[in-house]
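Student: Need coordinates for the below:
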Amino acid sequence: MTSESLSFESTSRFAQLGDLRLHYNDAGEGDVLVMLHGGGPGATGWSNFKQNLPAFTSRFRVLLVDQPQFGLSDKPDTSEQFNVFAARAVRDLLDELDIPRAHFLGNSLGGGTVFRLALDYPDRANRLVQMGPGGACIPLLSPEPTEGVKILGRFLAPPGPSREKLEEFVRIMVYDQSLVTEELIEERYKMASDPSVIQGLGRFLMTVMGPGEEQRTKGEIWREIDQVRHPTLITWGRDDRVLPLDGALFMLHRMQDARLHVFPRCGHWAQLEHAREFERISIDFLTAS
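Tutor: Here you go, the predicted structure:
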């Protein structure tokens, strides 16, 4: 598939996985790479990674998955811890597509789902690329909750979502403010203001920040991070205000087979701010023998 044909419409697919309908974009040929988006308002697989699709589809069959509660995927009424539920849904998608194993790339919330999948279904994952993965570390120096997490919480707070709140959230994602264009804000707000998406975001937040025992244990992936045996490339923005860089040092110390790449002048979206470098190091790592 040529870069000219990599449109949302030409790559959009749905899979019925029992009671759950999952949306994903499917493009390219070769070894499978599943890419999982973050948890911000309006987030989808396409919105997170569309600018990276030409590079990755030159080497892989890429699946950009809308995780449950996001995008065009179903928003089920469940209290099950988000990463547990989402990892099983991705596993079921691989089963539906007859894919025994895949590489995984996760950003923020998606990184937490990647690690949960690697822990719960280790034989389904090959190599992992992570960008500031959620739940996988504890800050060594930075305060909690972080600035970015506070802004995420304010998006749903009374009187409810607004375009101004969405712009505030998007701006904290990047170091280079020139990347926050009207087109980007409109794209994200159009999705984020959909009533079903607002409801899904609320359910997601309850299942990662709720008071239940499962939320406290299964969501705190850092407690099990030493059990991840898959080769892992950790990437981080030096100026990340959502998940600060000091958390990466915790992961680097605890993980069995991890290496770290830090991007200067970069926030939480390395795939956008340093797209070419991010693509190059990720492809080199994923294709290493």
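
Student: quick one: the helices in the stretch 151-289 of the chain?
Tutor: Using DSSP state H, counting those that start in this stretch, the helices of the stretch 151-289 of the chain run over residues 163-173, 182-192, 195-209, 213-217, 246-254, 270-273, 275-286.

Student: Same check on the stretch 1-150 of the chain?
Tutor: With DSSP H, counting those that start in this stretch as the criterion, the stretch 1-150 of the chain has helices spanning 8-11, 45-49, 53-57, 82-96, 109-120, 147-156.

Student: Nearest to residue 222, out of these?
Tutor: Nearest to residue 222 among these is helix 109-120; the distance by C-beta to C-beta comes to 9.3 Å. Glycine gets a C-beta too; all of them are placed from N, C-alpha and C.

Student: Buried residues of the closest one, list them for me.
Tutor: Neighbour-count burial for helix 109-120, counted by 16 or more other C-beta atoms under 10 Å, picks out 109, 110, 111, 112, 113, 114, 115, 116, 117, 118, 119.

Student: Let me have the helices of the stretch 1-150 of the chain in a markdown table, extended by mean pLDDT and distance to residue 184.
Tutor: Shown next, in a markdown table, are the helices of the stretch 1-150 of the chain (pLDDT from 0 to 100; distance: least, C-beta to C-beta, whole Å):
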| stretch | mean pLDDT | distance to residue 184 |
| --- | --- | --- |
| helix 8-11 | 97 | 15 |
| helix 45-49 | 97 | 9 |
| helix 53-57 | 98 | 16 |
| helix 82-96 | 97 | 25 |
| helix 109-120 | 97 | 19 |
| helix 147-156 | 91 | 16 |
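
Student: JSON lines for the ones you listed, including distance to residue 204?
Tutor: Below are those laid out as JSON lines (distance: least, C-beta to C-beta, whole Å):
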{"stretch": "helix 8-11", "distance to residue 204": "22"}
{"stretch": "helix 45-49", "distance to residue 204": "15"}
{"stretch": "helix 53-57", "distance to residue 204": "25"}
{"stretch": "helix 82-96", "distance to residue 204": "5"}
{"stretch": "helix 109-120", "distance to residue 204": "8"}
{"stretch": "helix 147-156", "distance to residue 204": "10"}
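
Student: Buried deepest among those, which one?
Tutor: Each of the helices of the stretch 1-150 of the chain was assessed for mean neighbour count using mean count of other C-beta atoms under 10 Å. The highest is helix 109-120, with a mean of 27.

Student: As CSV, could you dump the C-alpha coordinates of that one?
Tutor: The C-alpha trace of helix 109-120 is given here as CSV (Å, rounded to 0.1, in the frame of the first residue of the first chain):
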residue,chain,number,x,y,z
LEU,A,109,-2.2,4.5,28.6
GLY,A,110,-1.4,2.3,25.6
GLY,A,111,1.9,1.5,27.1
GLY,A,112,0.2,0.3,30.2
THR,A,113,-2.0,-2.0,28.1
VAL,A,114,1.1,-3.3,26.2
PHE,A,115,2.8,-4.2,29.5
ARG,A,116,-0.4,-5.8,30.9
LEU,A,117,-0.7,-7.9,27.7
ALA,A,118,3.0,-8.9,27.9
LEU,A,119,2.5,-10.0,31.6
ASP,A,120,-0.9,-11.8,31.1
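
Student: got the contact list for stretch 141-161?
Tutor: The contact list for stretch 141-161 (C-beta atoms under 8 Å, 6 or more residues apart in numbering) reads 39-41, 139, 165-166, 168-169, 172-173, 192-193, 198, 201-202, 205, 240-244, 246-247, 268.

Student: next one: it to chain centre, how far?
Tutor: Offset of stretch 141-161 from its chain centre (C-alpha atoms, centre = their mean, to the nearest Å): 18 Å.
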